[in-house]
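> how would this look folded up:
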Amino acid sequence: MRWDNLFDDMTPLHIAIDSIDPTPHNHAQNGTKIPMRPRIGAYARISLDAAGEALGVARQHKALRRMALKNDWEIVANYTDNNLSAFKRNVVRPEFERLLRDLESGLIDGFITYDLDRLARQQSDLDRVIKLYDAKPSLVFSSVTGISNLNTPTGILIANIMVTVANNSSRVGSDRGKFQELQRAEMGKPKKGPRPFGYAADQMTLDPTEGPIVRRMGMEFLSGSSYGEIADALHSANINMRSGKRWYAEGIQILLTRPRNGGLRDFRGQIYKGTWTPIFTPNEWESIQHAVKRRRERFGIVPVYRKYVLTGYLLCGKCGSYLSGMTKRDSKDRPLRTTYQCASSTASYRHQGCGGVCVGSGSLEHFIREAICYRLDTEGVSSMISAAAQETTGVQALILERDRLLARRVSIREDYADGTLSKSDFVSARDRIDGHITRIDRELDAHHRSSFKLGLHAGESVREAWNTRPLGWRRALIDTLIDSITINGSRKLPIYDLDGEKVRFDPNRVDISWKV
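Modelled structure (predicted):
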């Protein structure tokens, strides 16, 4: 048996003897007070614990127990920050903060640590500790590697030097790591870290199970399925993330925008071509990114689950606000029905308008379906869908140019507000920019039409597909053909044939703005 391990796992013996003085100090026979053992804390930290087993901090605590035993100090609290950096300024170390609070409150009489760089690698953190020791000179401190106090000018000087050296070491290591990552990016190698979903352990080849799943996600997305619909389909098929948790819309969006799935490496905003097997071809990748951007522009950054197929396309003919899908009860004795309404200013909806337009969802959606089918059958528009995308190239360049123009439009608006640009110059510049944006939108729409897949089965009509496909497919078809739909007011209530059912609906109040 090794004697230095003898006391590792022993706990202090608590003996109840009536003669022991309960006061903070014991008394010798001559009446002098003998100070009791300092009650100290033991602080351990490690920056990286890849295995997650906390073995590094366990070894530090083992050495600290031996040190406390040697100095006849009593460890009453352990403080452990595992897998946390002391160099990064944005990292909060909960146990370090608790240690400072306990020192200030007097709960402990000092602390020990393995090495000073375990405690601090930033001068600001060391200064906080030294400030406490200046206020309480009786506090004890020591480290296994040699620093014995923070109460004297010499001890403080040595501590400052050691933290400066540790900080420089971290900074050099950080710069070296960044340079190595830059080299890996330039060589087309993937980023180091846990293997991403879809790839094997070598991160160069596709996982035979997960790779096809990611590809199916992208194809379903291009076919019009929403993030939520894809997530629900994965959940129904018992397909989860690598962590075992179910997929949600936000996770699907992140996965589909990950450059490595398109064979690309992103390092600090610079794109490099990777040498691994991509999940999507360059054209598929650009199409997916274009579709993601379109959805963000129209519906916001955060993916949402939608219940109404025409939300985001309907405009109020009176005030120009968007119509919202909602339920309505015409009277107390009538059942709820689904509608599209221009929300009034008193309603708590995203788009607030005049409240003067309302239309039943069933009849309007049926009319839009029939209008689309008629358009595809009679105008030759169907031949423009799923056509070759060769005529539209450089989608990413178009998107970047569009972003630049949008930023320029904001800039000239600010110049006009500051008075550095006259109204006439502002209007002229704005109109020119809007004209360029319109041109780019036409090119992007052409690419979107060419990349959209109707995916009709043999003998299946668009009308049949509309009735059976998910909401996302219908929305994608609408987005391919229609720019906006204006709903005007109407007092007429003509009879409308809704697949054999007679309902009241006026088609003349619907004004469709077609893209093609």
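> And the helices in the stretch 301-450 of the chain?
Using DSSP state H, counting those that start in this stretch, the helices found in the stretch 301-450 of the chain span residues 361-378, 395-418, 423-451.
> how far off helix 423-451 does the second one point, in degrees?
With axes from the mean of the first three to the mean of the last three C-alpha atoms, to 10 degrees applied, the angle from helix 395-418 to helix 423-451 works out at 160 degrees.
> Correct me if wrong: Thr205 contacts Ile279.
No. Counting by C-beta atoms under 8 Å, Thr205 stays clear of Ile279, with 11.2 Å between them. Glycine gets a C-beta too; all of them are placed from N, C-alpha and C.
> Can you pick out the residue with more neighbours from those two?
Comparing Thr205 with Ile279 by other C-beta atoms under 10 Å, the one with more neighbours is Ile279, at 24 against 12.
> OK, contacts around the more buried one?
Each residue near Ile279 by C-beta atoms under 8 Å, 6 or more residues apart in numbering is listed here: Gly198, Leu206, Gly211, Val214, Arg215, Gly218, Asn261, Gly262.
> so who does the fifth one touch?
In this structure, Arg215 makes contact with Ile279, Phe280, judged by C-beta under 8 Å, 6+ apart.
> Select, out of the helices of the stretch 301-450 of the chain, the one closest to Asp499.
helix 361-378 (6.9 Å; C-beta to C-beta).
> Give me the buried positions along the closest one.
If you call a residue buried by 16 or more other C-beta atoms under 10 Å, then helix 361-378 has these buried ones: 361-372, 375-376.
> Which elements pack onto it?
Packing partners of helix 361-378 (3 or more C-beta pairs under 8 Å, 6 or more residues apart in numbering; DSSP states H and E): strand 337-341, helix 462-468, helix 471-481, strand 482-487, strand 495-498, strand 501-504, strand 510-514.
> Out of these, which is the most enclosed?
Of all these, helix 471-481 carries the top mean neighbour count, a mean of 21, counting by mean count of other C-beta atoms under 10 Å.
> what's it packed up against?
helix 361-378, helix 423-451, helix 462-468.
> what about it, average pLDDT?
The average pLDDT within helix 471-481 is 83.
> So which of the buried residues of helix 361-378 is the closest to Ile112?
Ser361 (70.3 Å).
> just checking, what packs against the host helix or strand of Arg65?
Under the criterion of DSSP states H and E, Arg65 resides in helix 55-70. Using 3+ C-beta pairs under 8 Å, 6+ apart, the elements in contact with helix 55-70 are strand 39-46, strand 74-82, strand 110-113.
> For it, list the C-alpha coordinates in PDB.
Once non-C-alpha atoms are left out, helix 55-70 reads as follows in PDB (Å, rounded to 0.1, in the frame of the first residue of the first chain):
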ATOM      1  CA  LEU A  55     -10.700  12.900 -14.100                       C
ATOM      2  CA  GLY A  56      -8.500  16.000 -14.400                       C
ATOM      3  CA  VAL A  57     -10.200  17.900 -11.600                       C
ATOM      4  CA  ALA A  58     -10.400  14.700  -9.500                       C
ATOM      5  CA  ARG A  59      -6.600  14.400  -9.700                       C
ATOM      6  CA  GLN A  60      -6.200  18.100  -8.600                       C
ATOM      7  CA  HIS A  61      -8.500  17.500  -5.600                       C
ATOM      8  CA  LYS A  62      -6.500  14.500  -4.600                       C
ATOM      9  CA  ALA A  63      -3.300  16.500  -4.500                       C
ATOM     10  CA  LEU A  64      -5.100  19.300  -2.600                       C
ATOM     11  CA  ARG A  65      -6.300  16.800   0.100                       C
ATOM     12  CA  ARG A  66      -2.700  15.700   0.600                       C
ATOM     13  CA  MET A  67      -1.500  19.300   0.900                       C
ATOM     14  CA  ALA A  68      -4.200  20.200   3.400                       C
ATOM     15  CA  LEU A  69      -3.300  17.200   5.500                       C
ATOM     16  CA  LYS A  70       0.400  18.100   5.500                       C
END
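> tell me the angle of it relative to strand 74-82?
Using the same axes, to 10 degrees, helix 55-70 lies at 160 degrees relative to strand 74-82.
> Confirm for me that Arg463 is in contact with Leu376.
No. Arg463 lies out of contact with Leu376 (C-beta under 8 Å); the separation is 9.8 Å.
> Give the residues shared as contacts by those two.
With C-beta under 8 Å, 6+ apart, Arg463 and Leu376 have no common neighbours.
> what ranges do the strands span in the stretch 101-250 of the chain?
Under the criterion DSSP state E, counting those that start in this stretch, the stretch 101-250 of the chain contains strands at 110-113, 140-143.
> neighbouring contacts of the last one?
Pointing back at strand 140-143 there. Contacts of strand 140-143 (C-beta under 8 Å, 6+ apart): 38, 40, 67, 71, 73, 109-116, 133, 147-151.
> same thing but 6 Å
Under the criterion C-beta atoms under 6 Å, 6 or more residues apart in numbering, residues Pro38, Gly110, Ile112, Thr113, Asp115, Leu116, Ser148, Asn149, Leu150 lie in contact with strand 140-143.
> Identify the residue nearest the second one in space, chain neighbours excluded?
Spelled out, it's Gly110. Val140 (3.4 Å; C-beta to C-beta, 6 or more residues apart in numbering).
> From Glu297, how far off is the one you found?
According to C-beta to C-beta, to the nearest Å, Val140 and Glu297 sit 62 Å apart.
> okay, those two: which has more neighbours?
Val140 (19 against 11).
> give the contact list for Phe426.
Ile412, Tyr416.
> Do you know the pLDDT at it?
At Phe426, pLDDT is 91.
> Reformat the helices and strands packed on helix 471-481 as CSV; add distance to Glu401.
Shown next, in CSV, are those (distance: least, C-beta to C-beta, whole Å):
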stretch, distance to Glu401
helix 361-378, 30
helix 423-451, 6
helix 462-468, 34
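> Not counting its own residues, what contacts the helix holding Arg65?
Residues contacting helix 55-70 (C-beta under 6 Å, 6+ apart): Phe7, Asp8, Ala42, Ala44, Ile46, Ile75, Thr80, Asn82, Ile112, Tyr114, Val144.
> tilt between it and strand 39-46?
Using the same axes, to 10 degrees: helix 55-70 against strand 39-46 is 150 degrees.
> can you give me how far helix 55-70 is from the chain middle?
39 Å (C-alpha atoms, centre = their mean, to the nearest Å).
> Which positions within it qualify as buried?
Within helix 55-70, judged by 16+ other C-beta under 10 Å, the buried ones are Gly56, Val57, Gln60, His61, Lys62, Ala63, Leu64, Arg65, Arg66, Met67, Ala68, Leu69.
> With distance to Ala291 as added columns, please give those residues in JSON lines.
Formatted as JSON lines, those follow (distance: C-beta to C-beta, whole Å):
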{"residue": "Gly56", "distance to Ala291": "46"}
{"residue": "Val57", "distance to Ala291": "47"}
{"residue": "Gln60", "distance to Ala291": "51"}
{"residue": "His61", "distance to Ala291": "53"}
{"residue": "Lys62", "distance to Ala291": "56"}
{"residue": "Ala63", "distance to Ala291": "57"}
{"residue": "Leu64", "distance to Ala291": "56"}
{"residue": "Arg65", "distance to Ala291": "59"}
{"residue": "Arg66", "distance to Ala291": "62"}
{"residue": "Met67", "distance to Ala291": "61"}
{"residue": "Ala68", "distance to Ala291": "62"}
{"residue": "Leu69", "distance to Ala291": "66"}
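> If anything else comes up later, I'll come back, but that's it for now.
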